[in-house]
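In: Give the three-dimensional model of this entry:
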Amino acid sequence: MMAYTSNTAVKTYLGITGSGDDTLLTTLIGVADSRIDELFEYSFAADAAATRYFDLPDDRWRLKIPALETLTTLTNGDGITIASSEYKLYPLNQAVKTEVVLLRSSGKYFVPANGVDVEGCISILGDWGYSTLPEWLVQASIELTAWLYRNRYGDGGQLVAVGKSGVLKLPVGMPLNVKQWLVSEVGIA
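Out: Presented below is the predicted three-dimensional model:
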């Protein structure tokens, strides 16, 4: 998985000049990025072309999706491919899309598989994630990693194996300011 930030960026943020904690920081970046992914329930890291499956949406014309850079094939629940002229990807003014909207003029709407099965019936083949990470995501990773680093000896943590560094005590959860910032940046609850 592509890290959302680098040791150099975190060290600059924390004012660290030496390399003694580089292994620890690399581990903490991975922990921070995993926590961000858990909050959003998907990874922002660029993923080579892959097919993902979605349940039938309540609104038969709108399908919310994780970050998508390129849509190659959209297949409806009945197995019929929906042409790119029959839908739009939103937001229109951004490279990464988070919603597929079928055009009413196409006469198409999302349908279940076999007329009844709604689970995982819509498939999208495309390039998922961000090939260039948004600045807010990089900053969130830096701030969360820095928080984990500052609180590595704090109480109320959980034990996490860290390899060469032995066992590290990490605080549970995510700093409220980082979580609130992420929520306001992309509107998740």
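
In: hey, which helix is longest across the protein?
Out: helix 22-40 (DSSP state H).

In: Go through that helix and flag the buried ones.
Out: Leu24, Leu25, Thr26, Thr27, Leu28, Ile29, Val31, Ala32, Asp33, Arg35, Ile36, Leu39 (16 or more other CB atoms under 10 Å). C-betas here are computed from N, CA, C, even on glycine.

In: Tell me the confidence at Ala83?
Out: As predicted, Ala83 sits at a pLDDT of 98.

In: next one: Val162
Out: Looking at Val162, the pLDDT reads 49.

In: likewise Asp47?
Out: pLDDT recorded at Asp47 is 77.

In: Look up which residues are beta-bridged to it.
Out: With DSSP bridges applied, Asp47 shows beta-bridge pairing to Trp128.

In: quick one, helices of the protein?
Out: In the chain, the helices defined using DSSP H lie at 7-14, 22-40, 135-150, 176-186.

In: Quick check: can you list the domain ranges of the protein?
Out: 7-43+133-186, 47-128 (automatic domain parsing).

In: Lowest average pLDDT across those?
Out: domain 7-43+133-186 (a mean of 78).

In: Output the contacting helices and strands for the longest helix of the chain.
Out: helix 7-14, helix 135-150, strand 167-171, helix 176-186 (3 or more CB pairs under 8 Å, 6 or more residues apart in numbering; DSSP states H and E).

In: and of these, who's closest to Tyr87?
Out: In terms of CB to CB, the element of those nearest to Tyr87 is helix 176-186, at 22.3 Å.

In: May I see the buried residues of the top strand by length along the chain?
Out: Longest strand of the chain, by residue count under DSSP state E: strand 62-75. Across strand 62-75, burial judged by 16+ other CB under 10 Å covers Leu63, Ile65, Pro66, Ala67, Leu68, Glu69, Leu71, Leu74, Thr75.

In: Sounds good, over and out.
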